[in-house]
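> need a structure here:
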Amino acid sequence: MKTSRRTFIKAGTMAVVGAAVLPRQVLASQQKKGIVGLQLYSIREDMIKDPPGSLTQLRNMGYKYVEHANYVNRKFYGYNPKEFRRVLDDLGLKMISGHTVMGREHWNETAKDFSDSWKYTVEDAAVLGQKYVVSPWMDESMRETYDDLKRYMDVFNKCGELCMKQGMKFGYHNHDFEFSVKLNNEKMFDIMMKSIDPGLVVIQLDIGNLYNGGAIAMDVVKQYPGRFENIHVKDEIEATGGNEKYESCIVGEGIVNVKEVMDLAVKIGGTEVFIIEQESYQGKAPMECMKTNLEVMKKWGYI
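Now for the predicted structure:
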């Protein structure tokens, strides 16, 4: 996500047999398919006004998976975990992932343990049936120096262990500073990638946000093959306002070359989960943009 709110290829015997009898283009299309969901921050105003009604619209469009961005006082969009799980179940929707910031207040350095509030975050995510608990931000106090960042990457790994006990994975969602900030003359993103245990922590690569940090999505996927099982599908155009050079738009209409990045991410990145996110709408209604985004993903063969 932007700083404005500061993100399966299974080989087997049948696949081998199928490759011998299916046309190459059909097999390639099948290999693209994974889990396609929507980050609910994309329709944040709608979700504030009417969570069940907004989710119903998404379900009617064809969405099956969503990712939340609202967890306050142990409630999701005003519902306790069991209540919100019931809303999702009644609509046939699955909460594949969720965004909740893990800050320094959630780790007690003296006790070497997480705060109760963060433990509740993980427990409540499990009630929703999430696969991923994702922190979408890193406070500057956690990354002022190289040693600060390394220390919190150790905390990330410990959080991965905590989530694993609940059958989930911990993740971190990038913005732009991870690619523009250097510590000890090393790009912050590179420090993170070599410090986290990929078996415990997932980097949810936002392929749009990084452009404001001077990075290119295709290059990042190539640099770290096999490291991005969960990505944020986002496109970018030149911003019409604000302090950033780029803002998000409907996928396929910007500079990211989204389809090519996704195809490469499936081929070498290990990508299984694709979460659509759009935060700027260029005068269009957010809900209408989400319908168009899903139609584009269908056209590209990802649904």
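> now do residue 240, the pLDDT please.
Here, the pLDDT recorded for residue 240 equals 89.
> element containing residue 274?
strand 273-276 (DSSP states H and E).
> list the helices and strands that strand packs on?
Contact here means 3 or more C-beta pairs under 8 Å, 6 or more residues apart in numbering; DSSP states H and E; on that basis strand 273-276 packs against strand 35-39, strand 94-99, strand 230-233, helix 286-299. Every residue, glycine included, has its C-beta placed from N, CA and C.
> tell me the angle of the first one relative to helix 286-299?
I take that to be strand 35-39. Angle, strand 35-39 to helix 286-299, by axes from the mean of the first three to the mean of the last three C-alpha atoms, to 10 degrees: 160 degrees.
> show me the contact partners of strand 35-39.
Applying C-beta atoms under 8 Å, 6 or more residues apart in numbering, the external contacts of strand 35-39 come out as 1, 7-8, 58, 63-67, 69, 96-97, 99, 232, 272-277, 290, 293-294, 297, 302-303.
> same check on the longest one?
Outside of helix 286-299, the residues that reach it under the criterion C-beta under 8 Å, 6+ apart are 36, 38, 42-46, 54, 57-58, 61-63, 233, 250-252, 274, 276, 278, 281, 303.
> just how off-centre is it within its chain?
17 Å (C-alpha atoms, centre = their mean, to the nearest Å).
> which among the contacts of strand 35-39 count as buried?
1, 7, 58, 63-67, 69, 96-97, 99, 232, 272-277, 290, 293-294, 297, 302-303 (16 or more other C-beta atoms under 10 Å).
> let me see the ranges of the helices in the stretch 1-150 of the chain.
13-21, 24-32, 44-49, 51-61, 81-91, 116-128, 146-164 (DSSP state H, counting those that start in this stretch).
> list the helices and strands the longest one packs on?
What it means is helix 146-164. strand 113-114, helix 116-128, strand 169-173, helix 188-195, strand 201-206.
> just checking, what packs against the longest one?
If I follow you right, that is helix 116-128. Using 3+ C-beta pairs under 8 Å, 6+ apart: helix 116-128 touches helix 81-91, strand 94-99, strand 132-135, helix 146-164.
> residue 190 is nearest to which of these?
Across those, residue 190 has its closest neighbour in helix 146-164 (10.9 Å, C-beta to C-beta).
> show me what contacts the spatially closest residue to residue 280 that is not a sequence neighbour?
Sequence neighbours aside, residue 247 is the residue nearest to residue 280 in space, at 4.0 Å (criterion: C-beta to C-beta, 6 or more residues apart in numbering). By C-beta under 8 Å, 6+ apart, the residues touching residue 247 are 2, 236-240, 279-280.
> are any of those residues buried, and which?
2, 236-237, 279-280.
> now, the most widely separated pair of the residues you listed?
Across the buried ones among the contacts of residue 247 (C-beta to C-beta), the longest gap, 13.2 Å, separates 2 and 237.
> give the residues shared as contacts by those two.
247-248.
> could you say which helix or strand contains residue 284?
Residue 284 belongs to no helix or strand, assigned by DSSP H and E.
> also residue 215?
Going by DSSP H and E, residue 215 is not in any helix or strand.
> burial count for it?
20 (other C-beta atoms under 10 Å).
> that one and residue 201, how far apart?
From residue 215 over to residue 201 the distance is 20 Å, taken as C-beta to C-beta, to the nearest Å.
> you'd agree residue 303 is up against residue 61?
No - using C-beta atoms under 8 Å as the test, residue 303 is too far from residue 61 to be in contact (11.0 Å).
> sorry, back to before: reformat the buried ones among the contacts of residue 247 into a markdown table and put distance to residue 262 and secondary structure next to each item.
Listed next are the buried ones among the contacts of residue 247 as a markdown table, based on distance: C-beta to C-beta, whole Å; DSSP: H, G, I helix; E, B strand; the rest coil:
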| residue | distance to residue 262 | secondary structure |
| --- | --- | --- |
| 2 | 20 | coil |
| 236 | 15 | strand |
| 237 | 18 | strand |
| 279 | 19 | coil |
| 280 | 20 | coil |
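> least confident pick among those residues?
residue 2 (41).
> make sure residue 240 is indeed in a helix.
No - Residue 240 sits outside any helix when classified using DSSP: H, G, I helix; E, B strand; the rest coil, being coil.
> that one: what's it in contact with?
247, 280, 282.
> just residue 79 next, same as before
51, 87.
> quick one: it from residue 188, how far?
Going from residue 79 to residue 188 by C-beta to C-beta gives 36 Å.
> ok, now residue 111?
Applying C-beta to C-beta to residue 111 and residue 188 gives a distance of 28 Å.
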